[in-house]
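Visitor: Pasting a predicted model and its sequence here:
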Amino acid sequence: MTTPPPSEPETAAVPTCYRHPSRETYVRCQRCDRSICPDCMREASVGFQCPECVAEGNKTVRQAQTAFGGRAVTTPRATWTLLVLNVLAYVAETLAPGPVIYGFQMDAGAVYHGEWWRLLTGAFLHAPLANGSFAITHILFNMWALYVIGPELERRLGSLRFLALYLLSALGGAVAVYLFGIAAVGASGAIYGMFGALFVVSRRLGYNARGVLLLIVANAVITFAIPGISWQGHLGGLITGTVVGAILAYAPQRNRNVVQWGGCAVVLLALAAVVLSLPPYIYQLQLGFPG
């Protein structure tokens with residue numbers, strides 16, 4: 001009786017991706033040793049890892065921070081966003097100056113009657129007309145200052161803290177206009193706030209701040225020497241920016257986030273309280289605005 005030939009060995013199971021069972025693969029994660037397909041491969045220092053191992057590893061990686069606690073900034077996106085918004089607002093002014101200017105400029109009387117948005121929207125508008133033509137020098141100077149100083153401050157503070165500084169400075173300038181002016185437009189309050197914050201930050205880091213101080217003095221002279229410039233907005237923005245800059249720069253490392261954001265919230269509430277509790281004095285005096 002003839003012995004039958006031995007049967008062929010069973011074919012070994014083909015490895016498949018643990019996330020995509022229908023995909024054949026011979027690559028394994030270097031950490032968990034599970035099979036992964038090309039769509040699931042994440043390049044590591046040695047070999048590849050699966051998405052779950054990469055996510056788990058990122059939890060233990062400390063995020064790079066600025067000198068004052070914000071997330072490290074490589075591209076100053078907040079600065080570029082503010083620049084774009086100001087330019088778009090200026091384009092809107094040229095297309096429809098009446099509705100844009102009179103609907104959104106900082107106006108003490110309108111704010112007193114509840115049009116709160118003007119406290120911020122006015123900071124994105126600029127001098128509309130000068131001798132019948134658009135006064136482009138106003139926006140050019142402010143945007144040049146934002147372009148030069150903004151990225152430096154944003155990299156020092158982090159994007160969110162820089163944005164808080166800018167908006168609070170703009171609001172501080174608008175509140176000063178509310179109290180001691182009638183109407184104004186321009187980002188100058190925010191720009192002067194950046195000047196004040198840059199001085200504080202430079203001192204805190206041990207840099208020579210004389211150049212910044214000279215810049216502030218020179219602009220203060222221009223503010224009071226040239227008629228038609230809103231000294232209220234400039235001064236209010238400078239004071240607010242200096243205060244916010246000090247809060248951000250001198251907050252103790254322990255509980256830094258709480259102190260910084262709590263301090264910014266206090267400044268915001270204080271500015272809101274001023275508008276809620278006090279009337280627009282100069283508006284009342286010059287135009288007979290009812291109290």
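Guide: Yep, that arrived. Residues are numbered from 1 along each chain as shown.
Visitor: Next, count neighbours for residue 43.
Guide: By other CB atoms under 10 Å, 9 other residues sit near residue 43. In this view, the C-beta of every residue, glycine as well, is placed from N, C-alpha and C.
Visitor: Residue 237 against residue 170, yeah?
Guide: Yes - the pair residue 237 / residue 170 is scored as a contact, 6.7 Å apart, by CB atoms under 8 Å.
Visitor: Which residue of those two possesses the greater neighbour count?
Guide: Neighbour totals were compared for residue 237 and residue 170, and residue 237 leads with 34 against 31 (other CB under 10 Å).
Visitor: Let's verify the nearest residue to that one once chain neighbours are set aside: helix, strand, or coil?
Guide: Nearest residue to residue 237, sequence neighbours excluded (CB to CB, 6 or more residues apart in numbering): residue 189, at 3.0 Å. Of the three states, residue 189 takes helix under DSSP: H, G, I helix; E, B strand; the rest coil.
Visitor: ok so, going back, between residue 237 and residue 170, what contacts are shared?
Guide: Applying CB atoms under 8 Å, 6 or more residues apart in numbering, one finds that residue 237 and residue 170 are jointly contacted by 189, 190, 193.
Visitor: for this protein, what helix or strand is lowest in average pLDDT?
Guide: helix 51-59 (a mean of 76; mean pLDDT, DSSP states H and E).
Visitor: ok, residues contacting it?
Guide: With CB under 8 Å, 6+ apart as the contact definition, helix 51-59 has outside contacts at 19, 29, 31, 32, 40, 42, 44, 49.
Visitor: wait, which of those is closest to residue 118?
Guide: Nearest to residue 118 among these is residue 42, at 49.7 Å by CB to CB.
Visitor: right, and that closest one touches residue 27 too?
Guide: No - applying CB under 8 Å as the test, residue 42 and residue 27 come out as separate, 11.3 Å apart.
Visitor: for the protein, what spans make up the helices?
Guide: Secondary structure of the chain (DSSP state H): helices located at 51-59, 77-95, 97-104, 108-112, 118-121, 136-157, 159-180, 188-204, 210-225, 231-250, 256-277, 281-287.
Visitor: Show me the residue sitting in the middle of the protein in space.
Guide: In the chain, the residue lying closest to the centroid (CA atoms, centre = their mean) is residue 163, at 2.4 Å.
Visitor: ok, now which ones touch that residue?
Guide: So residue 163 contacts 78, 82 (CB under 8 Å, 6+ apart).
Visitor: ditto for residue 65
Guide: With contacts defined as CB under 8 Å, 6+ apart, residue 65 is in contact with 71, 72, 158.
Visitor: same thing but at 7 Å, please
Guide: Listed by CB atoms under 7 Å, 6 or more residues apart in numbering, the contact set of residue 65 reads 71, 72.
Visitor: Bridged to it, which residues?
Guide: Residue 65 forms beta bridges with residue 71, as assigned by DSSP bridges.
Visitor: Look at the residue nearest to residue 237 and report its pLDDT.
Guide: Here, the pLDDT recorded for residue 189 equals 95.
Visitor: what does stretch 240-254 rub up against?
Guide: Residues contacting stretch 240-254 (CB under 7 Å, 6+ apart): 68, 157, 161, 165, 168-169, 172, 192-197, 200-201, 204, 259-260, 263-264, 267.
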